[in-house]
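Colleague: Attaching a predicted model along with its sequence, questions to come.
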Amino acid sequence: MKLLAIFLTLMLITPAAEVYQFKLKTIDGQDFSLAKYKGKKILVVNTASKCGYTPQYADLQKLADLYKDKVVVVGFPENNFAGQEPGTNAEIKSFCTGKYNVTFPLSEKVSVKGDDIAPLFKYLTEAPNPDFTGEVKWNFEKFLLDENGKLIHRYRSAVKPLDPAITNAL
């Protein structure tokens, strides 16, 4: 019976621990891990600078400011959809900070689908959650992780960062 309890406990904590094991780089090329945000919810968003959803950067920053005690927003620039993020990391950072005053963490440019998908996004698109699984369909999809790194909600691009579907889950 004890062995079964230990096994079930490990089954519950192992998937959550995986998200903290990914090696990531900031937009400035520094190593970082989502583990530094353990204890807070994390909203992972794939972003692009030349998309119809790009103005969501402003609301992502508002969300990060309004709910800073509860959630960390982390942006992952990518160029997987219609070439809408062609810039270099330096150009992306300049755009985000200059136009939208972004202060939340940004990763280096990654791929969110295809053969070169970043391991974090492979995990997020396959991880069980109450919403849906499968590949990212467009820029500004959102993945909400709980305080232990477990994926608890996923939102398509049209769901705005300050939508009650997101804020009520914080």
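Modeller: Arrived safely, thanks for sending.

Colleague: Number of residues surrounding Ile27?
Modeller: 21 (other CB atoms under 10 Å). All C-beta spots, glycine's among them, are computed from the backbone N, C-alpha and C.

Colleague: quick one, phi/psi of it?
Modeller: phi -60, psi -20 (degrees, to the nearest 10).

Colleague: Distance of it relative to Leu34?
Modeller: From Ile27 across to Leu34, the span is 15 Å (CB to CB, to the nearest Å).

Colleague: could you point out which element follows the worst-scoring helix or strand of the chain on mean pLDDT?
Modeller: Here the helix or strand of the chain ranked lowest by mean pLDDT, DSSP states H and E is helix 2-18, holding a mean of 46. For helix 2-18, the following helix or strand on the C-terminal side (DSSP states H and E) is strand 24-25.

Colleague: Could you list the residues in contact with that next one?
Modeller: Asp31, Phe32, Ser33, Leu34, Ser107, Glu108, Leu120 (CB atoms under 8 Å, 6 or more residues apart in numbering).

Colleague: Just the ones of those in helices?
Modeller: Judged by DSSP state H, the subset of those located in helices is Leu120.

Colleague: From the contacts of strand 24-25, list the buried ones, please.
Modeller: Buried subset of the contacts of strand 24-25 (neighbour count, 16 or more other CB atoms under 10 Å): Phe32, Leu34, Ser107, Glu108, Leu120.

Colleague: ok, so of the residues you listed, who is nearest Lys160?
Modeller: Minimum distance to Lys160 across the buried ones among the contacts of strand 24-25 is 21.5 Å, recorded for Ser107 (CB to CB).

Colleague: Can you tell me the closest non-neighbouring residue to the closest one?
Modeller: Closest residue to Ser107 apart from its sequence neighbours, by CB to CB, 6 or more residues apart in numbering: Phe76 at 4.8 Å.

Colleague: Just to be sure, the one you found is in a strand?
Modeller: Yes. Using DSSP: H, G, I helix; E, B strand; the rest coil, the assignment for Phe76 is a strand.
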